[in-house]
Every structure is written in C-alpha cells, then in structure tokens.
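Q: Any chance you can model this:
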Amino acid sequence: MLRTSLKANDFLVAESAAMRAVANLVERYADGGAPVVICGEHGTGRELVARVLHQRGPRGKGRFVAVRPTFEDVPHATPSDDACERARLALRAAAGGTLLVKDVSDLSASSQRTLKRAIRAGTEDVQVVAAGDLDLERAVDAAIVSRDFYDLFAPRRIVVPPLRDRLEDLPILFERWIKHYAAEIGRTKPTISTRTHERLALYPWPGNVGELKSIARRLVVRVTRARIEAGDVDEILPIVATRVPLEELAFEEMVKSKLSGLLARIDGYPVHDLHEKVIARVERPLFDLVLAHTGGNQLKAAEILGLNRNTLRKRLADLGMDQTKDKKPKGAKPSRSAGRDVRVLDGE
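A: Numbers count the residues shown, from 1 in each chain. As a prediction, this is how the structure comes out:
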C-alpha cells in the first residue's frame, strides 16, 4: 500500500510499453464517472493505479477511500453493522471522491447487490473502482462474482503487468524507492552500481513491485556504505532455481528428470518390476516412431534399431504393438494389463 503522504504519480513509472498502455487508460478513464476495474497479480500496484486515476480526475480534491471486501475497515462502521450497511457507509465515506474496493472477488453477494444498486441509481456521488486478480472472469463464470455486477466495470478494465514484463521500469522504480526509504531514516541516498541493476533484472520478481519495495527498504537499512553493490543484493534476494526448457536438456538428463518424478510418486507402493515398465515406456514410442518412419516395414525398422527382426517382432508382441494383432474390430478394448501398467507409471 502507498502511504497517503507520498505522491502516487511519482511511482507510476511508465518507461515500458506495457505501462505506457496502462497510463493511457488511466488518462482515458480519469473522468470521475463510470466504474473502473483494475486487474493484475498481487504486488503489481493496483492501488497505486487507482490513486493516480483519482488524482488526475475531477475528483482529485475529494477523498480516496480504499477498503477490503469485508468493509470492516470502513470509517464509522460498527461490529453490529451487516455487510450491506458497511457497503453503504463506504460509499458515503467516499462521497465526492473515489471508493476503491480491493480483492473484489471476495465481496459477499449482498455487498455486490448494494454497490450495484448504488452505481445504477447514481444516488451516491462517488466513482467506484474495483481491484482484482487476473482470474476475475473465472470468478464470474463460477458465480462467485455476479455477472450483472461485473458488467458494470468490464467496459473500463485496466490490466497492470507484472514487474517481470516491464523490466524497463525497474531501474527507475528501484532508485525512487531507495531514495524514499533513505529519506525516511534521514540518510543520504546511496548510489547503485550498474551490476546491481543487472542483478535485479535477472530476478523473476514473483512478488512484483511490492517485493521490490521490500528489497529496497532492506538494502537501505543493511548497507551503510555510500554505494549498493551486486553482492549486497545477492545476500538478500531469494535463491530461485533456473528452469531449463525440457527440449534443451541432454537426453540422459531428460530421462533422469522424468524418472525422479516417477520415483517420488511410487514411493511407498509395492513395485517390483520397475525396470521392465520403464523400458516398455521408452520402447513403445521409439518403436512407434521408427515404424512410422519405415512405413510399417519391420525389416527396415529392425535394421535402424540394430535388432534382429524376430527380436523386434517379439518385443512388439509383448508390448501389444504387433501389427498382425492390431487389426481389431472397432470398439475393441485394450488389454487390462497394458492399461494397468500405464496407470502405475502415470501415478494413478
């Protein structure tokens, strides 16, 4: 959450194309009128965007009230007030300004109805802004959020990108938060090395800008020198395993990766023929591909595989792939034993 003493505009950095698109939508919707929904992952700055929307519109001198979906933090609400009454109090508290409802997917059905009636009737002089995650449409499909309620916001939808998709903004954001936290504790802003910025750009930022703020605050407190170095960042950034695409793994590494998952799934189960089952699972697609390559010619397939033709024929029969046995009437069921082997290896 952005402190009310800070200027939201200072932290809406839009060097990246993704954030310039957000800034353009903010300008378009900052008329103080129809409802707006702001979607994005947690930590992306949805409330910041809502504050900028408020400040740049005709309601900028009015109140900006941000409430949780339970409305328990509404000014003047009492424990005896039900959800509908708290929603009404929230609308009145934001009269002349903007009401931000966070995590709108968690709104109760009665609160949704109260807000829907107020928006449609126009009885409250307030712009309602909702914030939610990227699965908001799924919440509508699951009837968690009313379709009628969501449709009031859907025409004005702003999607805030995750920090990993707007890395051009990262250096400026980091510099500004370092400056802010340094001023908070009364110290001179430390400079930041180029390698520090490079290290920050390599991190995937699962917590988005919220995590970046936390890292900046910790660095200002921990690093007493006049310069923040890459090593300082390494000490506090979480270690994230690098994911290698499966197609880039060596064949042996790929097989090992698959088998490690298999061994974890069968741990505790009585399995005594693992070697046979694994070999069968490798041979089956191999034989399929080679036979397809040879147009079903087993003699040529045996030559490619380096097997005796009779050996190949026996293995095909053992695997239920013998072409003479594959010609079954439509609707014939596969053998029960073959299906059982597949299910065991698939973890069922």
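
Q: most residues in a single strand of this protein, which one?
A: Criterion DSSP state E: the longest strand present in the chain is strand 127-132.

Q: Give me the contacts around that strand.
A: For strand 127-132, the external contacting residues (CB atoms under 8 Å, 6 or more residues apart in numbering) are 32-39, 46-47, 50, 53-54, 57, 59, 91, 97-105, 115, 118-119, 139, 153. Any C-beta I mention is one placed from the backbone N, CA and C, and that applies to glycine too.

Q: Swap in 7 Å and give it another go.
A: Strand 127-132 has contacts (CB atoms under 7 Å, 6 or more residues apart in numbering) with 32-33, 35-39, 46-47, 50, 53, 59, 98-105, 115, 119, 153.

Q: swap in stretch 54-71?
A: The contact list for stretch 54-71, computed with CB under 7 Å, 6+ apart, reads 8-9, 26-27, 30-32, 47, 51, 73-74, 77, 83, 86-87, 90, 93-94, 96-104, 106-107, 111, 127.

Q: neighbouring strands for the longest strand of the chain, and are they parallel or not?
A: strand 36-39 (parallel), strand 98-101 (parallel) (DSSP bridges).

Q: what's the closest of these to Arg147?
A: Proximity to Arg147 (CB to CB) singles out strand 36-39 among the strands paired with strand 127-132, at 13.6 Å.

Q: domains for the protein, by residue range?
A: The chain breaks down into these domains under automatic domain parsing: 8-161, 165-236, 246-345.

Q: export those to TSV and tack on mean neighbour count?
A: Below are the domains of the chain laid out as TSV (neighbours: other CB atoms under 10 Å):
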stretch	mean neighbour count
domain 8-161	18
domain 165-236	16
domain 246-345	12
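
Q: Turn the ones you listed into CSV, columns for mean pLDDT.
A: As requested, the domains of the chain are exported to CSV (pLDDT from 0 to 100):
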stretch, mean pLDDT
domain 8-161, 90
domain 165-236, 95
domain 246-345, 71
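
Q: which residues of the stretch 101-250 of the chain fall in strands?
A: Using DSSP state E, counting those that start in this stretch, the strands of the stretch 101-250 of the chain run over 127-132, 157-159, 191-192, 227-228.

Q: Would you mind getting the angle between the helix or strand hosting Cys84 and strand 127-132?
A: Secondary structure from DSSP states H and E places Cys84 in helix 83-93. Helix 83-93 and strand 127-132 meet at an angle of 130 degrees, taking axes from the mean of the first three to the mean of the last three CA atoms, to 10 degrees as the criterion.

Q: CA atoms of helix 83-93 as CSV?
A: Extracted in CSV, the C-alpha atoms of helix 83-93 (Å, rounded to 0.1, in the frame of the first residue of the first chain):
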residue,chain,number,x,y,z
ALA,A,83,-22.2,-6.2,5.0
CYS,A,84,-24.9,-4.1,3.3
GLU,A,85,-24.7,-1.4,5.8
ARG,A,86,-20.9,-1.3,5.8
ALA,A,87,-21.0,-1.0,2.0
ARG,A,88,-23.4,1.9,2.3
LEU,A,89,-21.1,3.6,4.8
ALA,A,90,-18.1,3.1,2.5
LEU,A,91,-20.0,4.8,-0.3
ARG,A,92,-20.9,7.8,1.9
ALA,A,93,-17.3,8.0,3.3
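
Q: ok, and what's touching it?
A: Contacts to helix 83-93, defined as CB under 7 Å, 6+ apart, come from residues 63, 65, 67, 71-72, 74-77, 81, 99, 108, 110-111, 114-115, 118, 124, 126.

Q: Which of these fall in helices?
A: Of the contacts of helix 83-93, the ones assigned to helices by DSSP state H are Ser110, Ser111, Thr114, Leu115, Ala118.

Q: got a markdown table for the residues you listed, with distance to Ala131 too?
A: Putting the ones in helices among the contacts of helix 83-93 into a markdown table (distance: CB to CB, whole Å) gives the following:
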| residue | distance to Ala131 |
| --- | --- |
| Ser110 | 20 |
| Ser111 | 15 |
| Thr114 | 18 |
| Leu115 | 14 |
| Ala118 | 18 |
